[in-house]
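J.: I would like to see how this sequence folds:
(one chain, ligands or ions: 1)
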Amino acid sequence: MKRTMVNEARNWDQEFNTEILLKGWIRTKRDSKGGFSFLEINDGSCFGNIQIVADKELENYESEILKLFPGSSVSIKGIIVESPGKGQNAEIQAKEIKVYGFCDVNTYPIQKQRLSPEKLREIAHIRPRTNTFGAVTRVRNELIKATHEFYQSKGFLNIHTPIITGNDCEGAGQMFQVTTLDMNRKLKENETVDYADDFFGKKTHLTVSGQLEAETYACALGNVYTFGPTFRAENSNTTRHLSEFWMVEPEMAFADIQDDMDLAEDYLKHLCSSVLNNCAEDMEFFQKRISKTIIEKLQNITENSFERISYTDAVKILVESNKKFEFKPEWGIDLQTEHERYLTEEKFKKPVIIIDYPKNIKAFYMKANDDEKTVAAMDVLVPEIGEIIGGSQREDDFDKLSKRIKEMEIDIDEYWWYLDLRKFGSVPHAGFGLGFERAVQFCTGMANIRDVIPFPRTPRNADF
Ligand code: 4AD
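T.: Presented below is the predicted three-dimensional model:
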């Protein structure tokens, strides 16, 4: 018999009083004095459970059903009937319950009282069984789906960029080295490591961004996007930083910074409306338990246009706000989270796109503006999170890019292939990177980025 998922059973739109087969885990169980038990089953297909009524007439009622506790795995053959209970469409009258695995009520880590997020991180292999992590996982999945839908519907080609690379896209030097050299071998006096002996015959790292490689495809095929893991060895212990996170990076040929901002705004709106339309039950849970205004916040994103201001104006607004910031806002210095949050949460009360940053605080590849002080960079800031997207128009002029690479004392020989793009039919092009976990955080209201990725990697933590 074909298995029916709980989601389908809860929204049953076929004939009632037919037999179906369900498989899942027990979430709650109540034994009634009258000789029957109520089991609530969940199988991950939706937030809600379905109720099973198990009668004492079942052959294993005494021997097994009475010994079942939350966490046990079962299959149920039964009749789906219209439910007399409030808030549920259907329930199942069990004819046969098979137990796959019992769950010890005394040692099972998930009990009635809620565990703190910190405690749940210590049992990252068990936490997907909680309501919160089920809901986060379904929303995360919806955002993955919505991302591909969005770019595919616009004709962007999905490309896979390498995870092991020899370049440092952001030039920040915050990279994890990849090597097969023997770390236990002691160097002789005055000996330095010879990377010619390493696996790739050169020094390599885990990528911090797929952008540079994505540019090579955009400059050949038009619009592309890459969606992959990225790695940053920065010692940031905040609620918004991971050492391993996923990034969505579209790259468009024949596009400038305006096109880039338009794409970023459309994409974020699409993400929010997809979650609102397709994860209603999970969002109700987040609104009730995690963030009281989350649904309204996402609706606000879909309904209003984003504010767009220059970095210079942003600094002016911050200075004139007379607000006491821990870091004084000043032209030429990068905006801090407290500044970003002031702009989005207090000043504009909506997402803000900041453009034209000072060139000295941005990466080498960004297109120089005519003022020679700023570059065509853009960051999208959203309430509570701060920066969710970082991007730019790319420098497409061979001479200007070479000069900038040298000025920043970057090894130009490593970038010969990147410079070639500017030699052979160069085109204006632009793109950005969306921090995927920050997007999941934004859409769920989860306070800590470690709780929106299955197995978070952060400084001194790569358990599981
Ligand atoms: O601003 P970033 O560093 O931009 C780039 O890497 C560009 N190469 C992207 C591009 O233009 N194709 O990072 C982009 C986004 C940030 O806005 C932020 O949302 C996220 O990636 N991000 C992080 N997310 C979690 N943990 C970290 N340590 C992050 N660092 C950046």
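
J.: which strand residues bridge the residue lying closest to Ile65 once chain neighbours are set aside?
T.: Once flanking residues are discounted, Ile65 sits nearest to Ala54: 5.2 Å by C-beta to C-beta, 6 or more residues apart in numbering. C-beta: built from backbone N, CA, C; applies to glycine. Beta-bridge pairing of Ala54 under DSSP bridges involves Ser37.

J.: contacting residues for Ala54?
T.: For Ala54, the contacting residues are 36-39, 61, 65, 94, 97, by C-beta atoms under 8 Å, 6 or more residues apart in numbering.

J.: lowest-confidence entry in those?
T.: Across the contacts of Ala54, the bottom pLDDT score, 92, is held by Phe36.

J.: distance of that one relative to Ile301?
T.: As judged by C-beta to C-beta, to the nearest Å, Phe36 and Ile301 stand 48 Å apart.

J.: try Ala9
T.: 33 Å.

J.: shaky segments in the protein?
T.: 87 (pLDDT under 70).

J.: longest strand in it, please.
T.: Selection of the longest strand in the chain by residue count, based on DSSP state E, yields strand 18-32.

J.: list the buried ones in it?
T.: 20, 22-27, 29, 31 (16 or more other C-beta atoms under 10 Å).

J.: contacting residues around it?
T.: 1-6, 9, 37-44, 49-50, 52, 66, 68-80, 92, 95, 100, 103, 129.

J.: one more: stretch 282-295?
T.: 47, 131-132, 134-135, 138-139, 275-276, 297-298, 443-447.

J.: show me which pair in those is furthest apart.
T.: Longest distance between any two of those is 21.5 Å, between Gly134 and Lys297; criterion C-beta to C-beta.

J.: who in the stretch 201-350 of the chain is up against the ligand?
T.: Applying C-beta under 6 Å from any ligand atom, we find that the stretch 201-350 of the chain lies next to the ligand at 209, 211, 232, 241-242, 245, 247, 249.

J.: closest to Leu335 among those?
T.: The closest of these, once distances to Leu335 are taken by C-beta to C-beta, is His241, at 15.9 Å.

J.: Ile92 contacts Glu40, correct?
T.: No. With contact defined as C-beta atoms under 8 Å, Ile92 does not reach Glu40; the gap is 10.9 Å.

J.: helices of this structure, residue ranges please.
T.: Taking DSSP state H, the helices of the chain run over residues 6-10, 117-122, 131-153, 211-221, 257-278, 280-289, 294-303, 311-320, 337-341, 398-407, 416-420, 436-444.

J.: go through the ones you listed and name the closest to Phe455.
T.: Comparing the helices of the chain by C-beta to C-beta, helix 117-122 comes nearest, at 9.6 Å.

J.: got the CA positions of the closest one in PDB?
T.: Extracted in PDB, the C-alpha atoms of helix 117-122 (Å, rounded to 0.1, in the frame of the first residue of the first chain):
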ATOM      1  CA  PRO A 117      18.900  27.000  21.900                       C
ATOM      2  CA  GLU A 118      22.400  26.500  23.500                       C
ATOM      3  CA  LYS A 119      21.500  23.100  24.900                       C
ATOM      4  CA  LEU A 120      19.900  22.000  21.600                       C
ATOM      5  CA  ARG A 121      23.200  22.900  19.800                       C
ATOM      6  CA  GLU A 122      24.900  20.300  21.900                       C
END
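
J.: residues of stretch 281-291 that come out buried?
T.: Neighbour-count burial for stretch 281-291, counted by 16+ other C-beta under 10 Å, picks out 282-283, 285-287, 290-291.

J.: Throw those residues into JSON lines and include distance to Pro109, thanks.
T.: Shown next, in JSON lines, are these (distance: C-beta to C-beta, whole Å):
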{"residue": "Asp282", "distance to Pro109": "23"}
{"residue": "Met283", "distance to Pro109": "27"}
{"residue": "Phe285", "distance to Pro109": "21"}
{"residue": "Phe286", "distance to Pro109": "23"}
{"residue": "Gln287", "distance to Pro109": "27"}
{"residue": "Ile290", "distance to Pro109": "21"}
{"residue": "Ser291", "distance to Pro109": "25"}
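
J.: nothing else from me, thank you.
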